[in-house]
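In: Okay, here's the prediction I keep looking at, along with the sequence it came from:
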Number of protein chains: 2
Amino acid sequence: MSVADKDVSYYDIANSEGAVIVGAGPVGLMLSTCLARWGYKIKHIDNRPEPTATGRADGIQPRSLDLLRNMGLKSDIMKHKPARVYEVAFWDPVSKGIARTGTWASCPSFIDARYPFTTLLHQGLIERVFISDLEKNGVQIQRPWTITDFTSDESQNPEYPVHVDLAHVDGTTTEKVRAKYLFGGEGARSFVRQKLGIPVHHKDPISHVWGVMDGVVHTDFPDIKMKCTIHSEHGSIMVIPREDNMVRLYIQIASSTDPDWNPRKTATAAEVQASAKKILQPYFIEWERVEWFSVYPIGQGIAENYTLDHRVFLGGDACHTHSPKAGQGMNTAFLDAQNLAWKIHAVESGFARRELLETYEPERKMTAERLLDFDNRYAKLFSQRIPAAAEVEAASENHGTEAEEHDNDFIKTFKESCEFTSGYGVFYEANAVNWSPSHAAKSKLIQPAGAKLQPGHIFPNANVRRVVDANVVHLEQEVPLNGSFRIFVFAGKPSKTGMAMRDFSNGLLSKHSFYTSYLRADVDQVSHHEQHNPHSLFFTLCTIFASTRPSIEITRDVRGVLARYRDHVYADDQHDEQVPHASAPAHAKMGFDEERGGVVVVRPDGYVGVVVDLVEGSGTVDALNAYFSAFCTKELTSVGPRLKALAGESDVQSRL
Amino acid sequence: MSVADKDVSYYDIANSEGAVIVGAGPVGLMLSTCLARWGYKIKHIDNRPEPTATGRADGIQPRSLDLLRNMGLKSDIMKHKPARVYEVAFWDPVSKGIARTGTWASCPSFIDARYPFTTLLHQGLIERVFISDLEKNGVQIQRPWTITDFTSDESQNPEYPVHVDLAHVDGTTTEKVRAKYLFGGEGARSFVRQKLGIPVHHKDPISHVWGVMDGVVHTDFPDIKMKCTIHSEHGSIMVIPREDNMVRLYIQIASSTDPDWNPRKTATAAEVQASAKKILQPYFIEWERVEWFSVYPIGQGIAENYTLDHRVFLGGDACHTHSPKAGQGMNTAFLDAQNLAWKIHAVESGFARRELLETYEPERKMTAERLLDFDNRYAKLFSQRIPAAAEVEAASENHGTEAEEHDNDFIKTFKESCEFTSGYGVFYEANAVNWSPSHAAKSKLIQPAGAKLQPGHIFPNANVRRVVDANVVHLEQEVPLNGSFRIFVFAGKPSKTGMAMRDFSNGLLSKHSFYTSYLRADVDQVSHHEQHNPHSLFFTLCTIFASTRPSIEITRDVRGVLARYRDHVYADDQHDEQVPHASAPAHAKMGFDEERGGVVVVRPDGYVGVVVDLVEGSGTVDALNAYFSAFCTKELTSVGPRLKALAGESDVQSRL
């Protein structure tokens, strides 16, 4: 039934939700966990009576572990003792059975990862970590419930434009809910996507039928605890180690390139086991227990749109499907959800203009397209020939010259693939939040010469020492995922930047700066223990000096508003293998002068927004005002002419 | 009442316990946790109705964190977000108030620690981690119960010689229990110690009255999140950061050197706060909340004995008391308990002769004596003069020449103290389990030239790559604390040690080797998933090659009995800052030739027992047989003349 048929008064205020989220897999859970933490009212339904009991589960890639840690969820996942995949082994046919022809790192050392491995754990355990966090914020997944209809019309109700009909799967109970947003995270057969009429495009016309089996085995195959791709004259198989002595085997049962292709072709567990036994010869394999077995057809597909009206959104498998080989499903889902979550928050909390939501689809759809593209190119490269061991070794190392790399397509594609699949290579194109020369902010101080940071790319890892307690910490993890922009002020040497830092601090305090324009309503009552958001819910300021910790005295070296963030003052004095000769390694990694520093704005999801030189005068704050003006709701004005008079603007200063 | 008065038939078989443990503080909990995990029946009582609610809590030192990780308990402790102390700051009087005169690392880089910080967490939270582990093994702490009497007489009952009377603290209920062991871990006023008539000796005649206050404060004192020692003209104070924004302050209220010394001198919370305010001038401090406040007299004391009959034992504060400044109480308690636990297990499970228990008191009492001695020397060194910043810096660095160090008492004492207080410097003198030239085992292969490992000292940390799954792991953590000896076979280069490894493996399989003499009763039924103890509950074998992981093929390079430990085969190919130029860093750290290797036996508690050369022929196994013969229950004979005939000894080999 369409909106014309029904009386919208049923969707009354008692059933008003911030968002209705359909599907409690990784994408839905990540989205509702973020929004629930940030105070939104959530209706989250799933048509399964319980979380995933067995099977499914993609790997958690290195970058996803960073994100989970930033949410405080990593240790709850790691306590289940997941398998960790550090290397992938390749097995190929030889005269008698199969032999290992090479291995390589799943996250080689040229990638600057905290956790250079893929984490394998039953999806149900991962889901439960999120569900338990949701429960702390008062959200229960409503199960087994399904969505039966929805409409979205801002002209009818600008505040709650989405009207959703929900029903218990047995049909006995229904609910009518109105919401600000609806999210379809119900997987490849998404009802929301279908109802919106959004087509799915198949980039690669080839489809496959896969058999997947989780179980405990007895075998003399030496790499049973490694991730393996095995080709034999009897067929191909992929081995993925799992927690609790389990092993997952993927077997390709049929391909649309087969002469007798039938997407409904299936196989029994016994048939898959028989195939596996043949493929693994001369090694034996026996199953002690089969935990899960499934056969399913899958092809590469991308939804044409992720939203039509920026009120009803799609994410996860509802938008993109691909072969399980890529091991990217859960990771892409997490990133879809985080990307959307902070943008909804920025808009709904009054910080960003509604157009910010228009960046969700291009950012995430481009990533999905790159994923499928890489998947194809990578597979083709390997189907052409077996790489020589020396090539793999060269590709895995940190020190090839650039010329050598370009000479060899294999190495180039390998490196790109590793960066992409580890999650560190995911990047976003220019838009209002990712600065570029075509951005509205035109200051010459933006993207200063030498800066290695690139807008739209990940803010890299860096170890620094926190000044107040001398703890060695991960700088990129110091501000939790809470919807705030992270402003890292690399302050170089205090002796060189003293004036610039004073001007920066004064500029932040000026009446129409981005900073004072978005003060907390309760700024006068904030506890002195508040570390991240003492003044504004949208910004956390971190100051990093290119000095050793004992030489930094916060009361002397950190002035004005920055001094309030005493728990976010750091010494850049920790050795880093990536820049072994730098005396201030974090400055060096970012590409900042170790004496003069620079400022980075990092988006709430960890991507660089803009990089600005740190200079005396009002230029640095002016450049940031121009950057934020491109998407925030208030008019920000240049500080310039009034910088010297700022000491008199006590109405703002006296509150902070 | 003494044994003569009572009818021992009351202590019937229904109330037979492996051990009665009195006191559920750190020492008692560590002991019962170990014994309960290893299958012993435990009666554990405590006279408090609940675990520690507030206050107490010493720091967990770096080495203790290693031990907790080895028990799988570290992550449960760290999830409470304890404070981490990386540095200590010293504040001294200046013309106007106080000023920082220096800081230094609590665990400087010359100590090869995994976790170079002290962990501060409310003792009750630490206790609950153990209590929850005990509950998994069916042990509930019986509260609030107390011990009222006990006797111990092996001649009456060789199996259950200890008879214990227990009572509810309200006196309404009593129990009579017979046990193999009784452990007094009830703190400084131990009933068990007093009943045994064991005197406490005070090494330093000076006693102090301390005030201690836990609370949340508001202050502009810059080092409130650091550990600080503050001297001012108004008195002295120690600051210790805690979890949840709390701070602990220790204030010395009286000393036996005061002219008006009174061990009963006390102070109110308001008086302590007033003192703290004066001492911290010119900084302000206000209390938002006081969580705990206590005043108590304490002196340095050591019990003359830790046991009289090796059936009734003491540990923790019942044996040694010292000032809270040392921050060693909980760590010393943990080590007391682990030391005793594995020895009781070795004896009761039939592996070691009962005399092994005689090593508990000398090993642990010597450690307590060293602790008090260091505490004194260290305090005196600092009371004499304030160290220059350059001295602290020199002492903290990794690269002073030995000559320089000897020139400077301060640096020498500082280094010794750091090693000791971090836990890495704790070592044990020669005895049956810690080999020395006076040990019964006389093989010339023992303690080969170049070996850096020393019997009685800690087996150092080393990163290696596990071959089966390519995971980078902490070698010293690979065998969990389960009562087994860990035998690390550093196998050098397979091309050089092939014959030696074959002979070693054959030697282990010989009829009267230490290995085959202690096979599991269920050796024929052990699951192929068992990683640590497939053949014997007393040994786990680990093989470490001085090769890169891809070059190691377990089926080719690991022979015989060693091949069964496929999950314990490692590649020594991980860079280590301590030996930056070594190609096989773990071999180099241990002092083994990178080509020829060597064998280390590590006690179940992580201390080196014996180091043996890896040679062709029977010598290596013969040396280990001689070593174990010094304390094990069975006769072990030399393999020597029969090594070549071993292939025929199929009665043993066929079972493995």
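Out: Structure's in. What do you need?
In: surely residue A:622 meets residue A:443?
Out: Yes - here residue A:622 lies in contact with residue A:443, judged by C-beta atoms under 8 Å, at a distance of 6.4 Å. Just so you know, the C-beta spots here come from the backbone N, C-alpha and C atoms, and that holds for glycine as well.
In: More neighbours: which of these two?
Out: Shown here are residue A:622 and residue A:443; by other C-beta atoms under 10 Å in any protein chain shown, residue A:622 has more neighbours (23 against 20).
In: Excluding chain neighbours, what is closest to the more buried one?
Out: The spatial neighbour of residue A:622 that comes closest, neighbours along the chain excluded (C-beta to C-beta, 6 or more residues apart in numbering or on different chains), is residue A:638 at 4.9 Å.
In: Just list what the longest strand along chain A packs against, helices and strands only.
Out: Looking across chain A with DSSP state E, the single longest strand is strand A:285-299. Other helices and strands packing on strand A:285-299, by 3 or more C-beta pairs under 8 Å, 6 or more residues apart in numbering or on different chains; DSSP states H and E, are strand A:207-219, helix A:269-280.
In: what's the longest one packed up against?
Out: Identification of packing neighbours for strand A:207-219 by 3+ C-beta pairs under 8 Å, 6+ apart yields strand A:246-255, helix A:269-280, strand A:285-299.
In: Tell me the gap between the second one and the middle of its chain.
Out: Counting by C-alpha atoms, centre = their mean, to the nearest Å, helix A:269-280 is centred 37 Å from the centre of its parent chain.
In: Report the mean per-residue pLDDT for stretch A:178-192.
Out: Here stretch A:178-192 scores 96 as its mean pLDDT.
In: What residues of that stretch count as buried?
Out: Buried residues in stretch A:178-192, counted by 16 or more other C-beta atoms under 10 Å in any protein chain shown: A:178-188, A:190-192.
In: How far off centre is stretch A:528-542?
Out: In terms of C-alpha atoms, centre = their mean, the centre of stretch A:528-542 is set 23 Å apart from its chain centre.
In: Over to stretch A:296-311?
Out: Distance, stretch centre to chain centre, for stretch A:296-311: 18 Å (C-alpha atoms, centre = their mean).
In: again with stretch A:503-516
Out: With C-alpha atoms, centre = their mean, you get 31 Å for stretch A:503-516.
In: pull the CA atoms of it into PDB?
Out: Output of stretch A:503-516 as PDB, limited to C-alpha atoms (Å, rounded to 0.1, in the frame of the first residue of the first chain):
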ATOM      1  CA  ASP A 503      47.300  33.000  17.900                       C
ATOM      2  CA  PHE A 504      45.700  29.600  17.100                       C
ATOM      3  CA  SER A 505      44.200  29.400  20.500                       C
ATOM      4  CA  ASN A 506      43.000  32.900  20.500                       C
ATOM      5  CA  GLY A 507      41.500  32.400  17.000                       C
ATOM      6  CA  LEU A 508      39.600  29.400  18.200                       C
ATOM      7  CA  LEU A 509      38.100  31.600  20.900                       C
ATOM      8  CA  SER A 510      36.900  34.300  18.600                       C
ATOM      9  CA  LYS A 511      33.200  34.800  18.400                       C
ATOM     10  CA  HIS A 512      32.400  33.300  15.000                       C
ATOM     11  CA  SER A 513      35.000  30.600  14.800                       C
ATOM     12  CA  PHE A 514      33.900  27.000  14.100                       C
ATOM     13  CA  TYR A 515      34.900  26.200  17.700                       C
ATOM     14  CA  THR A 516      32.800  28.800  19.600                       C
END
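In: For it, buried residues please.
Out: So, applying 16+ other C-beta under 10 Å, buried residues of stretch A:503-516: A:503-510, A:512-516.
In: Which stretches in the stretch 451-600 of chain A count as helices?
Out: Using DSSP state H, counting those that start in this stretch, the helices found in the stretch 451-600 of chain A span residues A:494-509, A:514-517, A:554-557, A:560-563, A:585-590.
In: Of the ones you listed, which is nearest chain B?
Out: Evaluated with C-beta to the nearest C-beta, the helices of the stretch 451-600 of chain A place helix A:554-557 nearest to chain B, the distance being 6.1 Å.
In: related to what we said a few turns ago, with distance to chain B as new columns, can the helices of the stretch 451-600 of chain A be given to me in TSV?
Out: Supplementary listing: these in TSV, determined by distance: least, C-beta to the nearest C-beta, whole Å:
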stretch	distance to chain B
helix A:494-509	16
helix A:514-517	23
helix A:554-557	6
helix A:560-563	11
helix A:585-590	15
